[in-house]
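Visitor: Curious how this folds, go ahead:
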Amino acid sequence: MALLEVADLAVTFRTDDGPVQAVRGVDFSVEAGKVLAIVGESGSGKSVTAMSILQLLPPSATVTGTVNWQGEDLLKAKAGRMREVRGGEIAMIFQDPLTALNPVYRVGRQIIEMIQSHEKVSKGEARKRAIEMLDLVGIPQPEKRVDQYTHEFSGGMRQRAMIAMALSCHPKLVIADEPTTALDVTVQAQVLELLVDLAERLDTAVVLITHDLGVVAGMADQVSVMYGGRMVENGSVDDVFDRTAHPYTAGLLSSLPRLDGDVNAPLVPIGGQPPSMLTPPPGCSFHPRCRWATDEAGCRTGIPEPLDHGVGHPSACH
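Guide: Here you go, the predicted model:
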C-alpha cells in the first residue's frame, strides 16, 4: 500500500508577465521502504512538486489536486498540522546544506531543536540522539562534531548532517531534492549509498529528485520522468531503462556515455530548449524537440494520456 499518493497535482505561479504553469497534472505514489526517483531537466517542475507536498511554496502559488498522505489530503491541512508533518512524518533534504543549515547555530543545537519540536523529550535525551544520528550517518567524532558550526564541516559532512537531521525524528518519508549538488563524485556516491542504506534499515520511503540517470539506475526502485511540468513516463527502473517508451526518456539515455558500446561513438544530445512554462506549447510539450512528432498523430494539438504502449508501464506519448 502506498504511503503517499499524489493525484492531478497542478501548481501555477502568479507573475507580472502572467501565470506560470510550473506543474500540470502530476500523478505518482511511493511505498514504505522504496525509493522513487523523479527525473528531468532543470525547470521541469521536480522541486516545485516536492515543495507543494509540504506546503512550502510562496503565496503567489496556486496548488490544486490531492496529496494523499496515509488517507489525509495535505493540501487541505491547516498550518498547525503541517508543522507536525514537516520533519516529524515527512522530512526534506534540500539541495544546498550550506543555506539549509543555520550558520550561527551549532549543528547539534539544530538537530536537538528538530527533535524537541516534534517529541516531548529532555534536552539531554535529544542531544544524546543527535550524537547517535551523527554517528549513524558516518560523521567521525560525533561527540565533538555535535558542538561545531557548519563552516567547520566539509561539503559532504554538511550533507550528512542534513540527513541526520532529516532522520532524527524517524520520518516515514524523506524527500531528497538533488542531495548531492556541488559534491565531488566519490562523496556523492557515499551520501547516496548512505541514504538508501538508512531507508532500508529504517523502512523509510524516499522520493529522490535528480537529473542524474546514473544515480537512478544505481539506487531507485521506481522512476518517474518529468518534462514540461508533466510526468511523461512512470515505471520500475528496469522497465523504464530497458523498455523505454517516451522519446524524451530515450533522449536522456542516448545522451549518456556507455561502457558497453563503441567508445568513439558520439553522444546524441536532445536538440532545442525546454519549454517556457509561461507559454507552454500546445499538444505534447515535447513535440518541438521530438524527432518523431507528426501532425497525423496529433502531437502538436492533443495532450497525450499516459498509456501502456505494450511495454508494461505508462507513457504519455501519442
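
Visitor: Would you mind listing where the stretch 151-300 of the chain has pLDDT under the threshold?
Guide: For the stretch 151-300 of the chain, the stretches flagged by pLDDT under 70 are 182.

Visitor: Not counting the one helix or strand Val85 maps to itself, show me its contacts.
Guide: Per DSSP states H and E, Val85 falls inside helix 79-88. Helix 79-88 has contacts (CB atoms under 8 Å, 6 or more residues apart in numbering) with 54-55, 69, 74, 77, 92, 114, 117-119, 166, 169, 171. The C-beta positions use only the backbone N, C-alpha and C, and glycine is treated the same way.

Visitor: Show the buried residues in those.
Guide: Among the contacts of helix 79-88, the ones that count as buried by 16 or more other CB atoms under 10 Å are Leu54, Gln55, Trp69, Leu74, Ala77, Met92, Met114, His118, Ala166, Cys169, Pro171.

Visitor: count of neighbours near the nearest residue to the last one once chain neighbours are set aside?
Guide: Spatial nearest neighbour of Pro171, chain neighbours left out: Ala91 (4.2 Å); criterion: CB to CB, 6 or more residues apart in numbering. Counted with other CB atoms under 10 Å, residues neighbouring Ala91 total 25.

Visitor: So Ala91 sits against Cys169, correct?
Guide: Yes: at 7.2 Å, Ala91 counts as touching Cys169 under the criterion of CB atoms under 8 Å.

Visitor: Val174 and Glu152, how far apart?
Guide: 25 Å (CB to CB, to the nearest Å).

Visitor: more crowded one of those two?
Guide: Ranked by neighbour count (other CB under 10 Å), Val174 and Glu152 place Val174 first, with 23 against 13.

Visitor: Surely that one is within a helix?
Guide: No: using DSSP: H, G, I helix; E, B strand; the rest coil, the secondary structure at Val174 is strand, not a helix.

Visitor: Okay, now stretch 11-22: how far is its last residue from its first?
Guide: Stretch 11-22 has an end-to-end distance of 6 Å (criterion: CA to CA, to the nearest Å).

Visitor: Buried residues, that stretch. List them.
Guide: So, applying 16+ other CB under 10 Å, buried residues of stretch 11-22: Val11, Thr12, Phe13, Val20, Gln21, Ala22.

Visitor: circling back: which ones among the buried ones among the contacts of helix 79-88 are found in strands?
Guide: Trp69, Met92 (DSSP state E).

Visitor: among the buried ones among the contacts of helix 79-88, which are in helices?
Guide: Met114, His118, Ala166 (DSSP state H).

Visitor: Any chance of CSV for the residues you listed, columns distance to Glu31?
Guide: Formatted as CSV, these follow (distance: CB to CB, whole Å):
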residue, distance to Glu31
Met114, 25
His118, 23
Ala166, 19
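
Visitor: What segments of the stretch 101-250 of the chain are strands?
Guide: For the stretch 101-250 of the chain, the strands defined by DSSP state E, counting those that start in this stretch cover 173-177, 205-210, 222-227, 230-236.

Visitor: if I look at the most centrally placed residue in the chain, how far off is Val215?
Guide: Geometric centre of the chain, nearest residue: Ile209, 2.4 Å, by CA atoms, centre = their mean. Distance, Ile209 to Val215, using CB to CB: 11 Å.

Visitor: Can you work out which residues contact both of those two?
Guide: Joint contacts of Ile209 and Val215 (CB under 8 Å, 6+ apart) are Ala37.

Visitor: So what's the gap between the helix ranked longest in the chain and the chain middle?
Guide: Selection of the longest helix in the chain by residue count, based on DSSP H, yields helix 185-202. Taking CA atoms, centre = their mean, to the nearest Å, one finds helix 185-202 lying 15 Å from the centre of the chain it belongs to.

Visitor: which helices and strands sit right next to that helix?
Guide: In terms of contacts (3 or more CB pairs under 8 Å, 6 or more residues apart in numbering; DSSP states H and E), helix 185-202 is packed against helix 155-167, strand 173-177, strand 205-210, helix 213-219.
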